[in-house]
Each structure stands twice: as structure tokens, then as C-alpha cells.
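K.L.:
I would like the atomic coordinates for the input below:
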Amino acid sequence: LIATKSGKTAPLPPEALQAPKPTTVRAASLADILGFNPKSRSSHAENEEAAIPEKFKRYYKLLIELRNHVTGQVDQHSEETLKRSAKEDSGDLSSYGTDGGTDSFDRDFALSLVANEQEALAEIEAAIQRIKAGSYGVCEHTQQPINKDRLVAVPFTRYTAAAMKEIEKTRYKVRGQTGILGEGEEGGPKIESDDGGE
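P.N.:
Numbering: from 1, shown residues only. Below you'll find the model as predicted:
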């Protein structure tokens, strides 16, 4: 029953008595996650290839193939993870034979794969932009040319092998000097006593 303007009650309309229709949640697409559609770029990339300098075409093709492969992986992992998550959110756990902890771990692992793949996509896109800008194949650390074999093996690299070793060594040293809390090597904060050093 609903109240009318005159203060009297009237029966509810039939559509109000029907149970709400269940809503379905579709998995987010790669375009939803990244904010752009890499698939539409792939057809555009074929047109762009004509503008790529001949010396970079081999690497450009490698990067496009790699981007397409990684994009497919991101699509697959995103869809699987989000479908699984949507089922759990709806309360439909009937198809799960494992416990919730395992499901949560699997979902977190898949999400970390997606994050790593998105980082790889960003590096690949940056390498494609370096090709277009004419700075591809030059080490960002030493400004020296990157070996062609290295570019074939890791076409999105920004550094020569020697520069990368130096960068990693520096990162390792910095990480080794800090404790868990980011303090000194002993792992705890440096506390000076108030008693004059006694």
C-alpha cells in the first residue's frame, strides 16, 4: 500500500510487486583498465609503419608483435580474474571446490600478473614512442648505442647491458643499506639517549 495526497492508502502498482531483476556484471575490458583501446591502435600501427625509419622497422615490428601478445595476456588474465571476482561478489560460490583463502590467493596472483603485464605494455609503448622520436637504441643512462643483439632480445630496453648492471648494482646497494623500516643496517631507528651518552 502507498499513501496518496489525500492521506488515503492505495494498492501498489503490479510492477512494484515484482522481484527486482538480477543485474549481471561483465568483466572489465582491457580498454576499461588501460583507458585506451590497444586493439584499435594495432590497425592504426600498420598505417604508422610507413613513417618508421628503415633502420628501426625490424624493432618496430617486434614491439608491435610483443604488444599484441601482452595485450592478449592482459585481456585473458583480467577477464578471468574479474569474472571470478564478480561471482564471489554475487555470493555464487557453488562452483568453487577450494577454500576462500586459495581463491583469494589465486585472484591476487592473477591481479599481480595483470599489473606486471600493464607495466610491460607501458615499456613497449614507450619504446614505440622512442622509435617515432628517433631516440630508440640509445642508452638513457650513458647515451651510448645499445647493441643490436640486445635490442632483438629485449626490444623495449632503455639501457645497454653494462648500464643496466650498474643501475641494478646501485639499487641492490641502496636496498641492502636499509632495514625493513627504511632505517640503518641494524634494522632499527637510531635513538640518542637523553642521559648524556652514559
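
K.L.:
CA only for contacts and neighbour counts going forward, please
P.N.:
Fine.

K.L.:
Count the neighbours of Q118 for me.
P.N.:
Q118 has 19 neighbouring residues, counting by other C-alpha atoms under 10 Å.

K.L.:
Assign it to helix, strand or coil.
P.N.:
helix (DSSP: H, G, I helix; E, B strand; the rest coil).

K.L.:
what's the burial count for the closest residue to it other than its chain neighbours?
P.N.:
The shortest distance from Q118 to any non-neighbouring residue, by C-alpha to C-alpha, 6 or more residues apart in numbering, is to V74 (7.2 Å). By the criterion of other C-alpha under 10 Å, V74 has 24 neighbours.

K.L.:
again, but for K61
P.N.:
By other C-alpha under 10 Å, neighbour count at K61 equals 16.

K.L.:
tell me which element it is part of?
P.N.:
Assigned by DSSP states H and E, K61 belongs to helix 54-90.

K.L.:
quick one, phi/psi of N147?
P.N.:
Note on N147: its backbone torsions stand at phi -60, psi 140 [degrees, to the nearest 10].

K.L.:
ok, it touching A162?
P.N.:
No. N147 is not in contact with A162 according to C-alpha atoms under 8 Å; the separation is 10.6 Å.

K.L.:
Can you give me the separation between S135 and V70?
P.N.:
Separation of S135 from V70 (C-alpha to C-alpha, to the nearest Å) stands at 23 Å.

K.L.:
which of those two has more neighbours?
P.N.:
V70 (18 against 15).

K.L.:
Excluding chain neighbours, give the residue nearest to Y59 in space.
P.N.:
P155 is the one closest to Y59 (C-alpha to C-alpha, 6+ apart), at 6.2 Å.

K.L.:
and that neighbour, what element?
P.N.:
Per DSSP H and E: nothing holds P155, as it lies in no helix or strand.

K.L.:
what's the neighbour count on it?
P.N.:
23.

K.L.:
I figured it was touching L62, is that so?
P.N.:
Yes. P155 is within contact range of L62, at 7.0 Å (criterion: C-alpha under 8 Å).

K.L.:
worst-scoring helix or strand of the chain, pLDDT-wise?
P.N.:
helix 38-48 (a mean of 61; mean pLDDT, DSSP states H and E).
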